[in-house]
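Asks: when you get a sec, could you give me coordinates for this:
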Amino acid sequence: MGKKMVVLMGLAIILLCPSLVLSDCMDFIRSTGFYVEGGSSIIFYSGSFPIGRVEVARCALSPSSSVRLMKSYVCEGDKIIIDDSACIIMSVSSASTGSFR
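Replies: Residues are numbered from 1 along each chain as shown. Okay, the predicted model is just below:
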């Protein structure tokens, strides 16, 4: 009976709050540099290897932009500092997931 309740509670959480369970997050603690791609993407590197990409919305990005993470473990909806302005992270993707170019 107890195991069934745990499974049902887990299922209820997934169905009622899918963004809580399925949001993309990534740890950028190994990041040693970044590259601005286009006007809304930042690719983070560890040495010469890409480790992840962050997409931001409504923030002006240029190759000379200064980028600062508020914390090393970031998720969609977290803030990132770009040219001394707080911007919202719209998506986070890992280089290892295959969705990374």
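
Asks: name the next helix or strand downstream of the helix or strand bottoming out on mean pLDDT in the chain, please.
Replies: Lowest on mean pLDDT, DSSP states H and E among the helices and strands of the chain sits helix 18-22, with a mean of 47. Toward the C-terminus, helix 18-22 is succeeded by strand 25-27 as the next helix or strand (DSSP states H and E).

Asks: which outside residues touch that following strand?
Replies: Residues from elsewhere that reach strand 25-27, judged by C-beta atoms under 8 Å, 6 or more residues apart in numbering: I51, G52, S72, Y73, V74, C75, E76, V92, S93, S94. For glycine as for every other residue, the C-beta is placed from the backbone atoms N, C-alpha and C.

Asks: those residues in helices, which ones?
Replies: Using DSSP state H, no member of those sits in helices.

Asks: and those residues, which of them are in strands?
Replies: Residues of the contacts of strand 25-27 located in strands (DSSP state E): I51, G52, Y73, V74, C75, V92, S93, S94.

Asks: from S41, how far off is the first one?
Replies: I take that to be I51. 14 Å (C-beta to C-beta, to the nearest Å).

Asks: more neighbours, those two?
Replies: Higher neighbour count among I51 and S41: I51, with 20 against 17, using other C-beta atoms under 10 Å.

Asks: from S64, how far out is the more buried one?
Replies: Remark: distance between I51 and S64 (C-beta to C-beta) = 22 Å.

Asks: circling back to that earlier point, for the ones in strands among the contacts of strand 25-27, give me TSV that also has pLDDT and distance to I81.
Replies: Formatted as TSV, those follow (pLDDT from 0 to 100; distance: C-beta to C-beta, whole Å):
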residue	pLDDT	distance to I81
I51	92	19
G52	91	17
Y73	93	16
V74	93	12
C75	92	16
V92	92	16
S93	89	20
S94	85	22
